[in-house]
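Asker: Sequence and predicted structure below; questions after.
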Amino acid sequence: QVQLVESGGGLVQPGGSLRLSCAASGFTFSSYTMRWYRQTQGKEREWVAIITTIGGITNYADSVKGRFTISRDNAKNTVYLQMNSLKPEDTAVYYCNAIHLSTEYWGRGTQVTVSS
């Protein structure tokens with residue numbers, strides 16, 4: 001059974017940090033490009049970051065570049081999103097996504113709230 005399980009969300013003050021994790025199972029994790037998305041109520045899901053398979057090439061949305069870092073541990077079947085200098089506008093549900101050719105999986109999301 002394929003699973004992507006996000007964790008690490010919560011409430012943090014502006015300027016703070018959080019580290020999200022996404023644990024994968026049921027498929028060959030190392031063969032999949034991994035992405036993080038986020039969504040706030042009433043808005044479309046927004047792409048945040050991507051990391052490729054071997055080599056781990058990364059890219060980020062302009063809104064998070066320089067503040068967020070995506071990484072992966074293929075031995076642990078886990079992808080991470082380190083979020084620093086958080087802003088209220090980063091408040092959203094964050095989703096993990098795995099994609100390989102035409103096959104795509106989604107997690108259920110973890111809530112991140114940035115507020116004082």
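Answerer: Yep, it's here.

Asker: From the centre of this structure, point out the most distant residue.
Answerer: Within the chain, the residue lying farthest from the chain centre (C-alpha atoms, centre = their mean) is Ser116, at 23.0 Å.

Asker: need the contact list for the closest residue to that residue other than its chain neighbours.
Answerer: Nearest-residue entry for Ser116: Gln13, 5.4 Å, with adjacent residues in sequence omitted and distances by C-beta to C-beta, 6 or more residues apart in numbering. Glycine gets a C-beta too; all of them are placed from N, C-alpha and C. Gln13 makes contacts with Val114, Ser115, Ser116, as judged by C-beta atoms under 8 Å, 6 or more residues apart in numbering.

Asker: again, only this time at 10 Å
Answerer: Leu86, Pro88, Val114, Ser115, Ser116 (C-beta atoms under 10 Å, 6 or more residues apart in numbering).

Asker: Report the buried members of those residues.
Answerer: For those, a burial check counting by 16 or more other C-beta atoms under 10 Å picks out Leu86, Val114.

Asker: Just the contacts of Gln13: which are in strands?
Answerer: Those of the contacts of Gln13 mapping onto strands are Val114, per DSSP state E.

Asker: Of the contacts of Gln13, which is the nearest to Met34?
Answerer: Using C-beta to C-beta, Leu86 is the member of the contacts of Gln13 that lies nearest Met34, at 21.0 Å.

Asker: Phi first, then psi, for that closest one.
Answerer: Main-chain torsions, Leu86, degrees, to the nearest 10: phi -70, psi 150.
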